[in-house]
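Colleague: Here is the input, now give the coordinates:
(chains A, B, C and D)
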4 protein chains.
Amino acid sequence: MQKTLIHATEIAVKFSEVDSLGIVWHGHYVRYFEDGREAFGKAYGLDYLTVYNNHYVTPIVSIDCKYKQVLRYGDSVIIETEYVPSEAARLHFNYKLLNAATREVVVTASTVQVFLARDSFMLQLTNPEFFEEWKKKHSLV
Amino acid sequence: MQKTLIHATEIAVKFSEVDSLGIVWHGHYVRYFEDGREAFGKAYGLDYLTVYNNHYVTPIVSIDCKYKQVLRYGDSVIIETEYVPSEAARLHFNYKLLNAATREVVVTASTVQVFLARDSFMLQLTNPEFFEEWKKKHSLV
Amino acid sequence: MQKTLIHATEIAVKFSEVDSLGIVWHGHYVRYFEDGREAFGKAYGLDYLTVYNNHYVTPIVSIDCKYKQVLRYGDSVIIETEYVPSEAARLHFNYKLLNAATREVVVTASTVQVFLARDSFMLQLTNPEFFEEWKKKHSLV
Amino acid sequence: MQKTLIHATEIAVKFSEVDSLGIVWHGHYVRYFEDGREAFGKAYGLDYLTVYNNHYVTPIVSIDCKYKQVLRYGDSVIIETEYVPSEAARLHFNYKLLNAATREVVVTASTVQVFLARDSFMLQLTNPEFFEEWKKKHSLV
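Modeller: A predicted model of the protein is given here:
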């Protein structure tokens, strides 16, 4: 079985995220994924500013999201972010969002990011060196 | 070939939608899909308030989104929203977002919604009557 | 009486802007003011990109906002944006937001912006030349 | 000197809150004030759900906000929320936002909320009983 990295963070639903049906508006989950990805990045040394300081940015090229349950104001959500190993010059994360009180799965999702050179926005077809080193450091290659 | 319905609307990128890379933040596209869906709904009589007044709500259960190009401040985007016929008690839409100036495809996406009874949030396993009538009216069955 | 400039634009409330009380969440009005200001700017040649291309940016330094009535999903709002003449190197706008159907005043507000050099973010203590010309062109000095 | 209550909470700037100038977009501060107010409410027993369960809601009727410094991605902000005693049937809070690293004041602001009956949205001209008790408990009357 291939090794993966996983990180969990918990956040409280904000009042401004709840829609007129009393549930978190579906579009706000994209921010939850970003929160999960950034918490993962801070835990494992792959956060936005680290990537940026290595002269890359990693825009999202694909999101796939399944909604299973709703969240309401007063709820907290656990965001589990999992790095999915890949040989391509891409970042692939899976997300599992759980209602912190009931442990029910609320949302599952997946995102893919590519590497662009920070200043030219040129697509990188091979893995940046700093990212290869990151993978080695975490025994992912 | 099965008949479909398609509707196009154009919106201008807002300053507050552009991130520090100078491009529309990926999460804001979910609102663009909602704008497209609601413009479709108003054109064909299937907008949020019509559904609501028929005692249903239609939360999103799935989003799938591919990003091809970026949008910047000053750009306008054409949102093409297409109804995808289905026998299941679901609403399925495809979206194609085009840069209004260049006609390049910026994003393609797909959403699925289910019908819930408005007050009980009970999942509807068969198509609501008003929706069956809507499909007949538009020769979609 | 001093001459002013005023511009009105109308927008529809979005589903994602309505909170769990069924009313537009108060924080979204700041975006309505920006919509009004940008519509004003496009009408009178003082929009964001015109300012930017003249090598300035104009961040907000003050907002003052009074809420009188609520907006709900389905409502449209008329945003009246008024340029308030001033000798200082500042942009001062007043806003009056009206429910498009009832013409009731929903919100009144006021914003102040300063001029920063676009690249250095250096505060401008005197009016930029392009802005002096803009004021002359519109007989505001 | 009249007694007040004050509470401080710290949050990290999110990537999606930063605009194309590289600074937190001014409109997002309204959410920071809500975060501060809710953290205050949880600390002192006056949070949204406590008020709601007492059959009231407290919409914002006024915001006044002065921007002094900017926040960038990577910054954390300390939100100090202070209850301002008043005899009127209103909630008045002052906010001071500090850059967590430099302790510079970023924003000062003030909000006023009124009490509405939760179900009828009827304006309360006198303080709700639960709120009078809250004030007594905290020696604010």
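Colleague: just for chain A, where's the confidence low?
Modeller: A:1-2 (pLDDT under 70).
Colleague: Around chain B, which positions in chain A sit nearby?
Modeller: Within chain A, the positions lying close to chain B (CB under 8 Å from any CB of the partner chain) are A:21, A:23, A:26-27, A:30-31, A:34, A:57, A:59-67, A:70. Where you see a C-beta, it was placed from the backbone N, CA and C, and this is true even at glycine.
Colleague: Now, of those, which are buried?
Modeller: Among the residues of chain A next to chain B, those buried by neighbour count (16 or more other CB atoms under 10 Å in any protein chain shown) are A:21, A:23, A:26-27, A:30-31, A:34, A:57, A:59-65, A:67, A:70.
Colleague: Strands - which of the residues you listed land there?
Modeller: Among those, the ones falling in strands (DSSP state E) are A:57, A:60-65, A:67.
Colleague: pretty sure A:Leu91 is in contact with A:Leu116, am I right?
Modeller: No - using CB atoms under 8 Å, A:Leu91 and A:Leu116 do not qualify as a contacting pair, with a distance of 11.8 Å.
Colleague: Compare these two (neighbour count), which wins?
Modeller: A:Leu91 (22 against 17; other CB atoms under 10 Å in any protein chain shown).
Colleague: How about the contacts made by the nearest residue to the more buried one once chain neighbours are set aside?
Modeller: Closest residue to A:Leu91 apart from its sequence neighbours, by CB to CB, 6 or more residues apart in numbering or on different chains: A:Gln113 at 4.1 Å. Going by CB atoms under 8 Å, 6 or more residues apart in numbering or on different chains, A:Gln113 touches A:58-61, A:90-93.
Colleague: Of the residues you listed, just say which sits nearest to chain C.
Modeller: Chain C lies nearest to A:Ile60 out of the contacts of A:Gln113, by CB to the nearest CB, at 19.3 Å.
Colleague: Next up, the contacts around the nearest residue to the closest one once chain neighbours are set aside.
Modeller: Sequence neighbours aside, B:His26 is the residue nearest to A:Ile60 in space, at 4.3 Å (criterion: CB to CB, 6+ apart). By CB under 8 Å, 6+ apart, B:His26 lies in contact with A:30, A:59-60, A:63, B:67.
Colleague: how far away is B:His26 from C:Tyr32?
Modeller: 24 Å (CB to CB, to the nearest Å).
Colleague: could I have stretch A:55-69 exported to PDB, CA atoms only?
Modeller: These are the backbone C-alpha positions of stretch A:55-69, laid out as PDB (Å, rounded to 0.1, in the frame of the first residue of the first chain):
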ATOM      1  CA  HIS A  55       8.600  30.800  -7.300                       C
ATOM      2  CA  TYR A  56       5.500  28.800  -8.100                       C
ATOM      3  CA  VAL A  57       1.800  29.100  -7.800                       C
ATOM      4  CA  THR A  58      -0.600  26.200  -8.000                       C
ATOM      5  CA  PRO A  59      -4.000  27.200  -9.300                       C
ATOM      6  CA  ILE A  60      -6.900  24.700  -9.200                       C
ATOM      7  CA  VAL A  61      -7.700  23.000 -12.500                       C
ATOM      8  CA  SER A  62     -10.400  20.600 -11.300                       C
ATOM      9  CA  ILE A  63     -12.900  20.300  -8.500                       C
ATOM     10  CA  ASP A  64     -15.200  17.400  -7.900                       C
ATOM     11  CA  CYS A  65     -17.500  17.500  -5.000                       C
ATOM     12  CA  LYS A  66     -20.300  15.300  -3.600                       C
ATOM     13  CA  TYR A  67     -22.700  16.700  -1.000                       C
ATOM     14  CA  LYS A  68     -24.100  14.000   1.400                       C
ATOM     15  CA  GLN A  69     -25.400  16.000   4.500                       C
END
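Colleague: what's in contact with the strand or helix carrying A:Trp134?
Modeller: Taking DSSP states H and E as the criterion, A:Trp134 maps to helix A:129-137. Residues outside helix A:129-137 that contact it (CB under 8 Å, 6+ apart) are A:44-46, A:51, A:54, A:56, A:115, A:127, A:141.
Colleague: can you do 6 Å?
Modeller: The contact list for helix A:129-137, computed with CB atoms under 6 Å, 6 or more residues apart in numbering or on different chains, reads A:46, A:54, A:141.
Colleague: buried sites along that helix?
Modeller: Within helix A:129-137, judged by 16+ other CB under 10 Å, the buried ones are A:130-131, A:134-135.
Colleague: Please identify which of those is nearest to B:Asn99.
Modeller: Nearest to B:Asn99 out of the buried residues of helix A:129-137 is A:Phe131 (CB to CB; 30.2 Å).
Colleague: before we move on, back to that, report the two of the ones in strands among the buried ones among the residues of chain A next to chain B separated the most.
Modeller: Most distant of these, by CB to CB, are A:Val57 and A:Tyr67, 28.5 Å apart.
Colleague: Let me see the contact set for the nearest residue to A:Leu21 once chain neighbours are set aside.
Modeller: Closest residue to A:Leu21 apart from its sequence neighbours, by CB to CB, 6+ apart: B:Val57 at 6.0 Å. Counting by CB under 6 Å, 6+ apart, B:Val57 makes contact with A:21, B:116, B:118.
Colleague: how close does A:Lys14 sit to B:Phe33?
Modeller: According to CB to CB, A:Lys14 and B:Phe33 sit 22 Å apart.
Colleague: between the two, who's got more neighbours?
Modeller: Neighbours per residue (other CB under 10 Å) separate A:Lys14 from B:Phe33, with B:Phe33 holding more: 23 against 15.
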